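**Q** Model the following, please.
(2 chains)
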Amino acid sequence: VHRGATTTESSEFGRSAGSASWLPRMVHEIIGCEPGRGVETLIRLVALASQSSGAILWEAAKAGTTPRVPSIVALWLADGMTLADPGRADPVTIEAFTARTLVMATDRTGGPCRGPVVIAALPVDYLDGSPGALTLFGDGELTGDAFDVTVDLLDVLPSLCDVIHERRYLALVRHCNDILQESEAEPARQPLDSQNLSHHLGRLCTVIARALRCRRVTIFLREPGSPDQAFPPVADSVEGTRAEPAARPGLGLIGRTIEYARPLVASGDDLDIAADTTASRNTLMAAPIVAGDQVLGAIACSGIHGAPFHFTQADLSALALIAPHVAQYCGNWLHRRTISAENTSWLRLAAGITAFNKLASEQLARTQPDDQRIFRAAVQTVQDVIPDCLGCEVHRVDAGGSRAPRLNLTYSSEATGSVAGQALPPDGEKPSRPAPRPLALSVLQSSRQKTTTDPDAITREGVHAGWLTCSPIHVGGQPYGVLGVFGCRATVPANALQVCEIIGDQLGLYLHLRQALSRLQETRVKLQATSRSQAEALEDLEHQLGGPLLIATQRVEFVIQHGRVDGRTESQLRAARGLCRKAMRVALSAGVFAALSKGVPPTPKLESLSGDDLVRLLIAGADDTQLLSNPRRRIRFEVERDEIRRLGRRLIKADRSFVEQCVGNVLDNAAKYSYEDTAVEIRGAATDDSFAVTVTSTGLPMSPVDVDQCLRRNWRGSAARAATGEGSGLGLWIADHLMRSMKGTIRVRPVQDSTTVLLTFPLA
Amino acid sequence: VKPFIVVLEDDHLQEDLLKDQLQRAFPAARIDTLVTEQEFRERLADYRRDQPDVFVMDVMLRWAFPSPHATAPPAEVDSGGYQRAGFRCAELIFQDRDLRHIPVIYYTILEGGDLEPDARRLSGNTTHVRKSKDHEYLARKIRELARSSGSPVSH
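**A** A predicted model of the protein is given here:
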C-alpha cells in the first residue's frame, strides 16, 4: 500500500489495471470535477495509475529562452508530503525534460519530497509544441506495467490538459460574463455611483482570484476627463485591506500593461516589478481594459497559492479573455453614468431656469431690479448643473461712450478648490483685473460661443483650469455681455457648452427685458410729462384767453350800463381793445402752437412795412401792455420813435400780424419779469441789410445757459420759475418760429439784470 | 357782523372788477385782496387772529412779483409750480387747526372737470365757481357758505 493512496485506489493498484480501464475513469473524473481542479485530478490519476505516491506535471517556463527550464503546471502528492522547493525541478526531471526521454532515478536517497523520492521522469509534448515532463514519486522502482500504463496515459495527457484548460477558462469567462450581465440588469433600480460599480467588479475580482488561485485581483479604472494620468483601483477581491495605489502608465507591470495596451505577466528578470508594490517575482500579471482605442484601465492579478506557483501564459490568456467583457461593461457603465449625469444636470438646469425666471420676473417688476441677485442665481445654476465648474463670471458690455464696446467683470463666483489657483473677486465687487479675458472679448466680437482646453491658451486667459468656455449674452444682434465658465477636468463636461449657452441666453433675455422696461418707463415718464405739459398749456391758454375776454366783456357791459360816454368810458374801451388784442394774440399763438406741434411751420403774408408803420405798431403794442400792466408796479413802456424812424425810406419785409405777435410776446415777458418802477425801452437799430427792434427791460436776470435755451419749447428761466412761477414757456419759442418764417431772427442779450431782446427783420 | 371776505387773485384787472362786484353785493363786507401766494402765506397768521368768513381764490397764482430782493420759494412751491397754487393755499388752510372750518371758493376760469383730480385730494369745505361776467352766482355762494359756517351775513 502506497502512502497517500486511498483503500479503493490501493486495490486498483493491486489489480495492476491497464491503461484501457484508466482512460474512461480519467475522463469521467475530469469532467466531474471543478474546472479549476482538472489538471490536479489528471495528475493524481496518472500517479495512481503508475502506482506512484506523487506526480508533478511540468512545462517549459518561458517559451523562447535557451536553455529551456521546466516549471510546474500541476502536482499531486499523497497526504503528508510537501515539496521543499516547488519551483525547482530535480535533476531526473531536468534530464528527461532536456533529453526528451525516460529517465529512471538511480539515486533514490534524496529528492524534493519528504518521504517518497523521484523514481522516474518522462517527457511530455504539449499540443502547442512546447516541451514538458512528468515526474513520478514513489518508494520503489517503476514496474513494467505501471510504466506501460503511464506511457499510454501520457499519450493522451497533452490533449486532456488542453481540454481541461479550455474548460477551465471557458468556465471562468462564462462566470465573469454572468456576473457582468447580472449587474448590467441593475442600473434601472440601482444608483449609478462608483460604490455600486466597485461592488460588482469586486465580485468579478473574487471569481477570477478563485479560478486563477491568486491572492489578489484588482481592477484599475481611470475617471474619464481626469486631469492627471492616474488609474485608481476601483475594485478588489480582498475586502477591507489597504487600497492599492493608483496605477500610472509606464510605471511597473500594470503601468506598462496600460501604456502598451497588451496583457503582461511577470516572468523573469526582464520585468521590473519593483514598482508593483504587491507583486513578487513571477506572481503578477495584468490585462488592459480597452474600449476602442482608449485604455480604460487594467485587471491585475498578484500572488498565487499552490501549483504552479506562478502565472502561466494560459492564465494570462484567460485574463485577456475576461478583459474585453470588463471593458464593455465599464464602457457601458460609464456611458450610462454619463447619460444619467446629463439627465440629472438637465433636470437641475430646468429647476435652475424656473427659479431664475421667477426671480427675474420679481426683479423686473421692481423699479430698481437687483442685477447682482440675477447674476448670482445664474452663476449658481451653472455651478449646480456642471459639478466640474470651478468658476463662473458675468462680463457686462460697457459702451462707455466709446465706439467699441468694452467688457467689465460684473459678477464672479468665488474660486473653489485648489485647482483654481487664483482668487476671483467676491460677489459684486469691482473687478481687479486690468484687462478682460481675450476669449471673452473674442466672443463679444463674434457673438459665438468659444471654448478652449489648450493649457497655454488657458494660462494666457489668467485662469488655472482644464477648460474654459465663453458664451455670448445677447438677444438677436444686441450684445449685453459674456458668460465665462471654467472647470478643472482636461475635457469639457458633456453638456457644459449647451448649459452655458442656455444660461447666457437667459441672462441676455433678462437684460434685454430690463432695458426694454427701462426704456418703456422712460417713455412713459416723458409721455406723462408731455401730457401734463400739454394740459398745462391748454389751461394756460384757457386762462390767457378767457381772462382778457371776460374782463373786456365786463368793461363793455359797464360802459353800456353806464349809459354815457366820458373819460372813464374811453379808458374802459381802450382797456377792452387791449384785452381783445391780447386775446387775439393768444388765439394766434394757439394756432401757431397747433401747427408747429404737427410739424407745419407758420406761413407769413409778407408785406413791406415802413418806419411809420413800425412806430404805430410798436406804440399800439406798448400802449396795450401798459394798459394791462398792474399800475401798482409802475412799469413804464416807452417807444423811442426817432430811433424807429431812422429806418427812413427803407422798408422791412414782414407779416404785420406776425410782427405784432412777436412784439406782444416780448413785451408780455418784459411786463411779467421786470422789477417795479422800471422802464421797458423799445428802440430801433438799422444796418445795411436789416433793421432790429430792441426791447430792453430791467428785471429777473438771465444766465448764459438761459440765453442758449430760452428759444426752446416750454423753457422757463430758473429765476423766473422761482420768482413768479407763471408762464408756459411758449412765447419766445413761438416768436422764434415766426421770426424765422420771415427770414428774421430773435436774439437775447442779458447784461446783469438788464435784458435786451432783438427782433431783426430783413430789409425789403 | 359784516362778512369778512379774503380774495386771492393775481390778475389786477380781474381783481379790481371782482372787488367792485363783491362790494356791491355785500356793501358792509370787509374785503381783503391778496395778489400772490407769498403774500397769502405771510398773512395766514393774521387770519388766525382775525378770521375771514370765506376765502375766494384763483387756482393759477403767481408766487411773487419779480424783485431784486426776492427770497427763494419753498420746495413744494418750486416743484409744484403755479398751475395749482390755489390748491396749495387751500391745503394750508385745511391743515390749520384754527382755519380749517373756513369755506374756500375756487374762483377760476378753469372748468370744474379740470380741477376735480386735484380738488378731490382736499378734505375741506370747498366750492368751485367758474369765472363769468355774472357775479351774482359767486355772491350767492359766498352767502350760503358764510351762513353754513356760522357767520351771519348782512347785505
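**Q** tell me the mean pLDDT for the helix or strand encompassing residue A:486?
**A** Residue A:486 is part of strand A:478-487, with elements assigned from DSSP states H and E. Model confidence over strand A:478-487, given as mean pLDDT, is 92.
**Q** and the following helix or strand past that strand, what does it pack onto?
**A** Using DSSP H and E, the helix or strand that follows strand A:478-487 in sequence is helix A:496-562. Helix A:496-562 makes packing contacts with helix A:313-364, helix A:371-385, strand A:467-475, strand A:478-487, helix A:567-597, helix B:12-25 when contacts are defined by 3 or more C-beta pairs under 8 Å, 6 or more residues apart in numbering or on different chains; DSSP states H and E. In this view, the C-beta of every residue, glycine as well, is placed from N, C-alpha and C.
**Q** Any idea which helix or strand in chain B has the lowest mean pLDDT?
**A** helix B:112-119 (a mean of 71; mean pLDDT, DSSP states H and E).
**Q** between the helices and strands packed on helix A:496-562, which gets the lowest average pLDDT?
**A** Out of those, helix A:567-597 stands lowest, with a mean of 82 (criterion: mean pLDDT).
**Q** Same question for it: list its buried residues.
**A** Neighbour-count burial for helix A:567-597 flags A:569, A:572, A:575-586, A:588-590, A:592-593, A:596 (criterion: 16 or more other C-beta atoms under 10 Å in any protein chain shown).
**Q** State the number of residues packed around the residue of the stretch 401-550 of chain A found nearest chain B.
**A** Chain B sits closest to residue A:546 of the stretch 401-550 of chain A, with a gap of 4.0 Å, by C-beta to the nearest C-beta. Around residue A:546 there are 18 other residues, counting by other C-beta atoms under 10 Å in any protein chain shown.
**Q** same thing with residue A:389?
**A** Applying other C-beta under 10 Å, we find 24 residues neighbouring residue A:389.
**Q** Same check on residue A:117?
**A** Neighbours of residue A:117 (other C-beta under 10 Å): 20.
**Q** I'd assumed residue A:124 was in a helix, is it?
**A** No - under DSSP: H, G, I helix; E, B strand; the rest coil, residue A:124 sits outside any helix and is assigned strand.
**Q** And the strands in chain B, which stretches?
**A** For chain B, strands defined by DSSP state E occupy the ranges B:4-8, B:30-34, B:54-57, B:104-108, B:126-130.
**Q** Enumerate every residue touching the closest residue to residue B:44 other than its chain neighbours.
**A** Spatially, and ignoring its direct neighbours in sequence, residue B:44 is nearest to residue B:92 (6.4 Å; C-beta to C-beta, 6 or more residues apart in numbering or on different chains). By C-beta atoms under 8 Å, 6 or more residues apart in numbering or on different chains, residue B:92 lies in contact with B:40, B:41, B:44.
**Q** my guess is residue A:383 meets residue A:389, correct?
**A** Yes - if you go by C-beta atoms under 8 Å, residue A:383 and residue A:389 touch, sitting 4.9 Å apart.
**Q** Right, and chain A sits closest to which residue of chain B?
**A** Closest residue of chain B to chain A, C-beta to the nearest C-beta: residue B:82 (3.4 Å).
**Q** surely that residue meets residue A:723?
**A** No - in this structure, residue B:82 is not within contact of residue A:723 by C-beta under 8 Å, at 10.8 Å.
**Q** so what sits against both of those two?
**A** Shared contacts of residue B:82 and residue A:723, defined by C-beta under 8 Å, 6+ apart, are found at residue B:63.
**Q** residues touching the residue nearest in space to the middle of chain A, list them.
**A** Nearest to the geometric centre of chain A sits residue A:500, at 3.5 Å (C-alpha atoms, centre = their mean). Contacts for residue A:500 were tallied using C-beta under 8 Å, 6+ apart; they are A:382, A:449, A:469, A:471, A:483, A:485.
**Q** quick one: residue A:714 is in a helix?
**A** No - Residue A:714 sits outside any helix when classified using three-state DSSP, being coil.
**Q** Who are the contact partners of the residue nearest in space to the middle of chain B?
**A** Centroid check for chain B by C-alpha atoms, centre = their mean gives residue B:57 as the closest residue, at 2.6 Å. If a contact means C-beta under 8 Å, 6+ apart, then residue B:57 has B:6, B:7, B:8, B:9, B:40, B:86, B:89, B:90, B:104, B:105, B:106, B:107 as its contacts.
**Q** Can you classify whichever residue of the stretch 301-450 of chain A sits closest to chain B as helix, strand or coil?
**A** As assessed by C-beta to the nearest C-beta, chain B sits closest to residue A:367 within the stretch 301-450 of chain A, at 19.6 Å. At residue A:367, secondary structure determined by three-state DSSP is coil.
**Q** On the pLDDT front, check it for me.
**A** Value listed for residue A:367 in the pLDDT field: 85.
**Q** Could you save the helices and strands packed on helix A:496-562 as CSV and add columns showing distance to residue A:84?
**A** Formatted as CSV, the helices and strands packed on helix A:496-562 follow (distance: least, C-beta to C-beta, whole Å):
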stretch, distance to residue A:84
helix A:313-364, 25
helix A:371-385, 66
strand A:467-475, 61
strand A:478-487, 60
helix A:567-597, 121
helix B:12-25, 139
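**Q** mind checking which of those is nearest residue A:210?
**A** helix A:313-364 (12.6 Å; C-beta to C-beta).
**Q** Pop out the phi and psi values for residue 134.
**A** Answering for chain A, as no chain was given. Main-chain torsions, residue A:134, degrees, to the nearest 10: phi -120, psi 130.
**Q** list the contacts for the nearest residue to it once chain neighbours are set aside?
**A** Closest residue to residue A:134 apart from its sequence neighbours, by C-beta to C-beta, 6+ apart: residue A:122 at 4.8 Å. Going by C-beta under 8 Å, 6+ apart, residue A:122 touches A:96, A:102, A:103, A:133, A:134, A:136, A:150, A:151, A:154.
**Q** thought residue A:735 was touching residue A:661?
**A** Yes - with contacts counted by C-beta under 8 Å, residue A:735 reaches residue A:661, the gap being 7.1 Å.
**Q** Could you check how far the residue of chain B closest to chain A is from residue A:702?
**A** Remark: distance between residue B:82 and residue A:702 (C-beta to C-beta, to the nearest Å) = 19 Å.
**Q** same thing with residue A:645?
**A** For residue A:645, the distance to residue A:702 - C-beta to C-beta - is 30 Å.
**Q** Which residue of the two possesses the greater neighbour count?
**A** Taking neighbours as other C-beta under 10 Å, residue A:645 and residue A:702 compare with residue A:702 leading, 23 against 14.
**Q** what's the distance between the more buried one and residue A:748?
**A** Residue A:702 is 7 Å from residue A:748, by C-beta to C-beta.
**Q** continuing past the one helix or strand residue A:172 maps to, what's the next helix or strand?
**A** Residue A:172 belongs to helix A:144-184 when assigned by DSSP H and E. Counting by DSSP H and E, the next helix or strand C-terminal to helix A:144-184 is helix A:194-212.
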